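In: Pasted the sequence and its predicted model underneath.
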Amino acid sequence: MPGPIQSIQRAAEVLKLLAHGGAHQLSVGEISRALDLAKPTVHGILRTLQEVGFVEQEVEGGKYRLGAALFQIGTSYLDGNELRAKALNWSDTLAMRAREAVRIGVMHGKHVLVVHHVFRPDNSRQALDTGALLPWHATALGKVLVAFGEWPDGELQRFTRHTLGADELSGQLDFVRDRDWAYDLHELVEGEASIAAPIRDKRGVVVGAVGISGPVERLCESPDQPPRLELVSYVREAARSVSRELGGLSW
Amino acid sequence: MSYIAAIDQGTTSSRCIVFDQSGGIVSVAQREHRQIFPKPGLVEHDATEIWTNVRAVVRDALAKASLTHADIAAFGITNQRETTVVWDRQTGEPVHNAIVWQDTRTDAVIKQLGDPDRFRERSGLPLATYFSGPKLRWLLDNVEGLRARAERGEVLFGTMDTWLIWNLTGRHVTDVTNASRTMLMNLETLDWDPELVSAMDVPLAMLPEIRSSSEVYGTYEGVPVASALGDQQAALFGQTCFAPGEGKCTYGTGAFLLLNTGDRPVRSQNGLLTTVGYQIGDEPAAYALEGAVAVTGALVQWFRDKVGLISSAAEIETLARTVDDNGGAYFVPAFSGLFAPHWRSDARGVIAGLTGYISRGHLARAVLEASAWQTKEVVDAMNADSGVDLTTLRVDGGMTANNLLMQFLSDVLDVPVVRPIVAETTCLGAAYAAGLAVGYWPSIEALKANWHKAAEWEPSMEPAARDKGYRKWKKAVERTVGWMDEDDD
């Protein structure tokens, strides 16, 4: 059996870099520095990838980003707009049952990107925060995404005295994998809590998380207790319904 | 615990959604049916296929939630409007494919009938290919022997509500909202108008009985079938727009803005339709003004299926966000003419402002922006007719998942755009009307308490940019009219 083919390995590195680079658009120079490869080598790889549609440029000589052909192959990439469209009914129903705000998140670099937000159904004034970034380690959404994904590099900022450090988090993520849901208690904002569960695609890969957040008094029996099981069941049911919509669960 | 099941017989698919008492969705099932295009401008559906799909989605929706018919308090029906089918009373076989609302084959019939406004006073509608009466007339003129059979009472006419209720319960009825789209019903009497029926030359014997939108028409598998509303009226009901001055815009294949005008029909001076909003049992009917835009979501579907630059409708937002603006491109999707407020059947689509700079991202923007500009034209007309400026736009339908479009809509209208917590207002409206009829919900006040804001977009566009954009849009619209010639099919 032949050994690994170097140029394919390098092309994969380039694609990974474009997929995880926060800006999603990189120049030849940036890629060559990040991967420690000569510019002509990177340029050659990019031109080949561009021919097959795996990368594209907005303008000739501009930065590169992932191409549409790559998205259509059906890797773990799921368009956030697609996820929102598929989740619309079930996130609405969750907000109505739980009487709390609902958010759907996906990992975006080191943060949780909010791809969908449903207001708390009390007709109070609320601002839409679709497109906002949340810290993964202090939110239930982020814990779910990291428990079933990769632990991102970087500092774990302390937001309150309850924000968890790496050791505690690592233990809690085992729990999350075990129970298939996560929560945060005063960890991002004192007095607030959140609950989330994973959304899976048709291969069972976690592609997002759906959850609710609100004041601890409403989400928990008492300020230092885990969330109410009734709310947890609503969140998990919504996650299962969205997963079904994505073909991730059979009936 | 019991539930209400809403059947939504739409243009591209049939769905069944089961709701609980809070208006929350318990399960959804959907099946698409074939779009039959025999020639440019002609659109047909196989009514038998649709009836098979409706039975299947009811079965699937119940099965998904582990429910049986015994758990269902009532079925509600909402449907694509104006789509016309004629069938044999004995065999239940359609005599021809259903002629879909978008179909423009009645162009000649319409021209022959003369002054576009001659039926407006009685029916609330301008003469246009859109409505059922002319489609029925076309069938009578073109299906061999049909007129004679109709006069002998052997065949029945219906819009899709009537077709489904007849198949579900055996009764030949329609509701006031669907009847108001035939161009055969008198808006004041809410009954078939002898003058309209005779002008359209349609045998009265084949027309269904007109009933209210919310009452028990019959039963299917022991469950009352208790509502029928045209899809847009159902969305008005689902958005709980029960007071005069309340309105909504639904974004689906097309976009439809309806404004409740209370118990009196308001005649439009600005190209809008006057229609029945709903009628609950024996109560007086509520009327509505309607602005119809033929192509909104259909343009995104076209971009997906015919141009192939995206593989799902939601991806258009991703593509549109690769650029900051439309690059100067405007897309007027007058695929089957312009609807409200222009009503020009001789118009066809245009992409204006093309330069070498325009990329597919710009085109994706122009596709989305077309929905917003078309809405603005209708809102302007509605403000003029009602004398009151719209202060908030309530929206619903699948396209409300598109944040870029919703923000742009708020920007060009310069009012907040609000989505309620159940975006499926069409089904919800049918469920509400059916639930009211069987006492599942006690009153319309109880329904209003279920309405909650799920999202709100605030305007943030500079007035100068809005004015310039609208000016360019109007110039693009001017370029669509008069395209069709006598010798075009």
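Out: Looks like it arrived, so ask away. Numbers count the residues shown, from 1 in each chain, chains lettered A, B, ... in the order given.

In: got the contact list for the closest residue to chain B within the stretch 101-250 of chain A?
Out: Going by CB to the nearest CB, chain B is nearest to A:Pro121 of the stretch 101-250 of chain A, at 3.5 Å. Just so you know, the C-beta spots here come from the backbone N, C-alpha and C atoms, and that holds for glycine as well. Contact analysis of A:Pro121 by CB atoms under 8 Å, 6 or more residues apart in numbering or on different chains lists A:95-96, A:99, B:421, B:452-454.

In: from those residues, which is closest to B:Arg120?
Out: B:Lys453 (36.5 Å; CB to CB).

In: Disregarding flanking residues, what is the spatial nearest neighbour of the residue of chain B found nearest chain A?
Out: Closest contact between chain B and chain A, by CB to the nearest CB, is at B:His452 (3.5 Å). In this structure, B:His452 finds its nearest non-sequential neighbour in A:Pro121, 3.5 Å apart by CB to CB, 6 or more residues apart in numbering or on different chains.

In: Which strands and helices lie in contact with the lowest-mean-pLDDT helix or strand in chain B?
Out: Every helix and strand of chain B was ranked by mean pLDDT, DSSP states H and E. The lowest is helix B:107-113, at a mean of 85. Here helix B:107-113 touches helix B:132-142, going by 3 or more CB pairs under 8 Å, 6 or more residues apart in numbering or on different chains; DSSP states H and E.

In: hmm, who's touching the helix it packs on?
Out: Contacts of helix B:132-142 (CB under 8 Å, 6+ apart): B:82-84, B:86, B:95-96, B:99, B:103, B:105-106, B:109-110, B:113, B:127, B:146-147, B:150, B:157, B:159, B:181-184, B:196, B:200-203.

In: ok, now stretch B:107-120?
Out: Stretch B:107-120 is contacted from outside by B:41, B:125-129, B:134, B:137-138, B:141, B:183, B:196, B:199, B:267, B:274, B:343, B:345, using CB under 8 Å, 6+ apart.

In: Distance across that stretch, terminal residue to terminal residue?
Out: Start to finish, the residues bounding stretch B:107-120 are 18 Å apart (CA to CA, to the nearest Å).

In: Just give me how far that stretch sits from the chain centre.
Out: Taking CA atoms, centre = their mean, to the nearest Å, one finds stretch B:107-120 lying 22 Å from the centre of the chain it belongs to.

In: Check which residues of that stretch are buried.
Out: By 16 or more other CB atoms under 10 Å in any protein chain shown, the buried positions in stretch B:107-120 come out as B:107, B:109-110, B:113, B:119-120.

In: go on, stretch B:25-36?
Out: B:25-31, B:33.

In: where's the residue nearest to B:Asn402 when sequence neighbours are not counted relative to A:Leu185, distance?
Out: Among residues not flanking B:Asn402 along the chain, B:Glu317 sits closest, at 5.2 Å (CB to CB, 6+ apart). The gap separating B:Glu317 from A:Leu185 is 34 Å, by CB to CB, to the nearest Å.

In: what does B:Arg171 give?
Out: B:Arg171 is 58 Å from A:Leu185, by CB to CB.

In: cool, A:Gly154 as well?
Out: Note on A:Gly154: its distance to A:Leu185, by CB to CB, is 23 Å.

In: So which of these two has more stuff around it?
Out: A:Leu185 (22 against 12; other CB atoms under 10 Å in any protein chain shown).

In: per-residue pLDDT, the closest residue in space to the more buried one that isn't next to it in sequence?
Out: Distances taken as CB to CB, 6+ apart place A:Ala193 nearest to A:Leu185, at 5.1 Å, with adjacent residues excluded. As predicted, A:Ala193 sits at a pLDDT of 96.

In: My assumption is that A:Ala193 lies in a strand; please confirm.
Out: Yes - judged by DSSP: H, G, I helix; E, B strand; the rest coil, A:Ala193 forms part of a strand.

In: Now that it has come up, it's in contact with A:Gly211, right?
Out: No - judged on CB atoms under 8 Å, A:Ala193 makes no contact with A:Gly211 at a distance of 10.3 Å.

In: Between these two, which is the more surrounded one?
Out: Legend: neighbour count by other CB under 10 Å for A:Ala193 and A:Gly211, higher for A:Gly211 (32 against 28).

In: Check what pLDDT B:Ala243 gets.
Out: 88.

In: Can you get me a residue count around it?
Out: Residues near B:Ala243, counting by other CB under 10 Å: 11.

In: Kindly report the same for A:Glu58.
Out: 13.

In: nearest residue to it other than its sequence neighbours?
Out: B:Thr322 (6.9 Å).

In: From A:His20, how far out is the one you found?
Out: Counting by CB to CB, the gap from B:Thr322 to A:His20 is 19 Å.

In: Write out the residues of chain B neighbouring chain A.
Out: Residues of chain B lying close to chain A (CB under 8 Å from any CB of the partner chain) are B:22-25, B:28, B:63-64, B:309, B:311-318, B:322-323, B:359, B:361, B:398, B:400-403, B:421-424, B:452-457.

In: from these, which ones fall inside strands?
Out: Using DSSP state E, B:25, B:28, B:453-457 are the members of those that sit in strands.

In: wait, does the longest helix anywhere in chain A make contact with chain B?
Out: Longest helix in chain A, counting residues (DSSP state H): helix A:80-98. Yes - using CB under 8 Å from any CB, helix A:80-98 reaches chain B at A:80-82, A:84-86, A:88-90, A:92-93, A:95-97.

In: picking that back up, local confidence estimate at the residue nearest to A:Glu58?
Out: We have a pLDDT of 92 for B:Thr322.

In: quick one, what contacts B:His45?
Out: Counting by CB under 8 Å, 6+ apart, the residues that B:His45 touches are B:33-36, B:83, B:97-98, B:100.

In: and with 6 Å instead?
Out: B:98, B:100 (CB atoms under 6 Å, 6 or more residues apart in numbering or on different chains).

In: Pairing partners for it in the sheet, please.
Out: Judged by DSSP bridges, the bridge partners of B:His45 are B:Ala98.

In: B:Lys64 contacts B:Ile25, doesn't it?
Out: No - taking contacts as CB atoms under 6 Å, B:Lys64 lies outside contact range of B:Ile25: 11.0 Å.

In: Chain B contacts on chain A?
Out: A:72, A:79, A:81-82, A:84-85, A:88-89, A:92-93, A:95-96, A:118-119, A:121, A:123, A:128, A:130 (CB under 6 Å from any CB of the partner chain).

In: If anything else comes up later, I'll come back, but that's it for now.
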